[in-house]
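S.K.: return a 3D structure for these sequence lines:
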Amino acid sequence: MKNAISVNIGGVELRLVSGENEEYTRRVAAHVDAKVSEVLKAGNFSLIEAAILSAVNISDEYYKALETAENLRTQLKDYLEDGSRMKSEIMDLKREIARLSGK
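M.R.: A predicted model of the protein is given here:
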């Protein structure tokens, strides 16, 4: 179900239609508004320029987050492989202990 929600971004009233819940949509809009406000305060930019620069900044954050997530997935995969190897090694050692103890 789509929700229509009124939000204010950069002083402009917008009506967003989203499949997400209202709280989430408002949180996203507030994030964009904060980024636009940050750019507007940093220099003498028009609203369009601030919106574009904000989109670039948000995209930069997005791609850095993707890279971080991929690095974490790779680390997790490596840890799981190490754990599997160790488990196999423990099983081999237990068999060797049993063999040596005559069981």
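S.K.: where does the protein dip in pLDDT?
M.R.: For the chain, applying pLDDT under 70 flags the ranges 103.
S.K.: which stretches of it form strands?
M.R.: Assigned by DSSP state E, the chain shows strands spanning 3-9, 12-18.
S.K.: by contact count, what packs against the first one?
M.R.: Right, the one you point to is strand 3-9. strand 12-18, helix 22-42 (3 or more C-beta pairs under 8 Å, 6 or more residues apart in numbering; DSSP states H and E). Every C-beta, even on glycine, is put in place using the N, C-alpha and C of the backbone.
S.K.: that strand to helix 22-42, inter-axis angle?
M.R.: Between the axes of strand 3-9 and helix 22-42, defined by axes from the mean of the first three to the mean of the last three C-alpha atoms, to 10 degrees, the angle is 20 degrees.
S.K.: what inclination does strand 3-9 have with respect to strand 12-18?
M.R.: 150 degrees.
S.K.: partner strands of strand 3-9, with direction?
M.R.: If you go by DSSP bridges, strand 3-9 pairs up with strand 12-18 (antiparallel).
S.K.: quick one: residues in contact with the partner strand.
M.R.: 2, 3, 4, 5, 6, 7, 8, 24, 25, 29, 47 (C-beta atoms under 8 Å, 6 or more residues apart in numbering).
S.K.: now list the buried members of those residues.
M.R.: 5, 7, 25, 29 (16 or more other C-beta atoms under 10 Å).
S.K.: ok, the second one to residue 31 distance?
M.R.: Look at residue 7 and residue 31: by C-beta to C-beta, to the nearest Å, they are 11 Å apart.
S.K.: dump the strands of the chain into JSON lines; add distance to residue 38 as well.
M.R.: Output for these, formatted as JSON lines (distance: least, C-beta to C-beta, whole Å):
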{"stretch": "strand 3-9", "distance to residue 38": "12"}
{"stretch": "strand 12-18", "distance to residue 38": "16"}
